[in-house]
Each structure stands twice: as structure tokens, then as C-alpha cells.
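# pasting a predicted model and its sequence here:
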Amino acid sequence: MIQEAIQALRSSHFVLIHDDKGRENEIDMVIAGEKISPEHIAVMRKDGGGLICLAISHDSAFKLGLTYMQNILQAVSSINPVFAKLTSGKSPYGDDPSFSIAINHRDTYTGITDFDRALTISKMSEICKRIDTGGINEFANCFRAPGHVPLLIASKKLLQDRTGHTELCIYLAQLANLTAAVVICEMLDNETHRALSITKAKTYSTKYQIPLIEADELRACAKVA
């Protein structure tokens, strides 16, 4: 199934990734940032329903001077001590969040439309692809924050450090030799009002011929226990 997922990403198609049952136990719709279109955004918001984010590599984030939102809030806690309380403790599944800032490209209007979000994601993916050849200056000049595309920063050692969807999808992009900038969106259930179950995700996967892979499959590739 890994090879099918790699080919899907390369061909501008979706992949579904399920993380561990003991973690979020959620299925995310995943597509390469460099392949994004407004039509993809529409499918994610209709069939996924979760937050549409762009995951980027730790290396790109470091070179752009980006950090985790948790660190930003902790840094300004001297101004408002409430921030220190908001960022204390771990998530129910034990991880720190991978969220950084949210951005809009300067050529967008409101930033939230399918067209605008696809444009922001596409341009940010180009930044990551050219991170060592002008991408840093272009990022500062061509984007605004806050915006409507949340950035997620993958852990430095990927699956050795963390097995969230952020790391799983960036690792998959690396396997596919694509830019390490990947769009993810949680799949939600309109009937239960919770995360979509793996059973329903398999039905969706079969109906639309979308590869569905488990975290264990990617960990096996990375040889992470």
C-alpha cells in the first residue's frame, strides 16, 4: 500500500493516513502541497471537514525562523501570564502540538476561499522547495500573518521523535521525492460528530479508490519500533 500511496501523491491524488489507535486515532486526508488545487480544498472541506493545514519539514521551518505556536505563547507570557497556563501540560495523547503560525499569501483576498487557500499553499510549497535559493526572502515579502492556512512543523527526526500526522505525511512525501510540504485535513463524521471511524474511512477509501495507510506501515519503512 505504501507504493500506491507514493504514486497517488505524485499523481496529484489524495492519500488517507490513520495514526495509532492509542494516539489521536484519526484519519487525515493528505495531498502534496505542490500539487494542490482549489478543487482539492473543496473536497477536503466537504469530505474531510477538519482543519486544513500545511505541514512542513523542521529544516524549512528552522531556515525561515519559524517556531511552534506553543513557544511563541510561552515567550509572551511575561506580558500576559494566562499564556503560560494555556500552554502548560500535554495533550490527552501525550504530544506537544505541532502548530506554528497561520499565513495568507499577499495575492489572496480574504484568504479563506478554496482559491485563496490553494494559492497560499502552492506558494508556500514553492518556498519550501527553494528554501536555499531565495525562498527565505520571498517568504518574508510575499506572505502575511495571521492568515487562514495554519502551518505545522514536523519534528526534526520525524518518526523517531513523534508519530503524528505531521511527521507521517512529511515522511511519506520524502519517500515520494516530493517537496516536504503536505496538506492534511482530519476526516470527521457528520452522524457521530466525532472523528471518522477506520471502518467508515475504509468504505470511503474503497469508493473513491484512495490508498489508506496505517502509521505502522510508515514506521516499518523508517524502521522505527
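Structure received. Quick caveat: nothing in here was measured; it's all calculated off a predicted structure.
# check which helices and strands the lowest-mean-pLDDT helix or strand in the chain sits against.
Least confident helix or strand of the chain, by mean pLDDT, DSSP states H and E, is helix 215-222 with a mean of 87. Counting contacts by 3 or more CB pairs under 8 Å, 6 or more residues apart in numbering; DSSP states H and E, helix 215-222 packs against helix 2-10, strand 15-18, helix 165-175. Any C-beta I mention is one placed from the backbone N, CA and C, and that applies to glycine too.
# remind me which helix or strand the residue nearest to residue 34 when sequence neighbours are not counted belongs to.
Leaving aside its sequence neighbours, residue 34 sits nearest to residue 125 (CB to CB, 6 or more residues apart in numbering; 4.5 Å). Per DSSP states H and E: residue 125 is located in helix 114-129.
# who does that helix touch, helix- and strand-wise?
Helix 114-129 sits against helix 38-43, strand 53-56, helix 58-64, strand 99-105, helix 136-142, strand 143-153, strand 181-186, with contacts defined as 3+ CB pairs under 8 Å, 6+ apart.
# closest to residue 119 out of those?
Of all the helices and strands packed on helix 114-129, strand 99-105 sits nearest to residue 119, with 5.4 Å by CB to CB.
# so how far is the closest one from its chain's centroid?
Mean-position distance between strand 99-105 and its chain equals 12 Å (CA atoms, centre = their mean, to the nearest Å).
# for that strand, name the packing helices and strands.
Identification of packing neighbours for strand 99-105 by 3+ CB pairs under 8 Å, 6+ apart yields helix 69-75, helix 114-129, strand 143-153.
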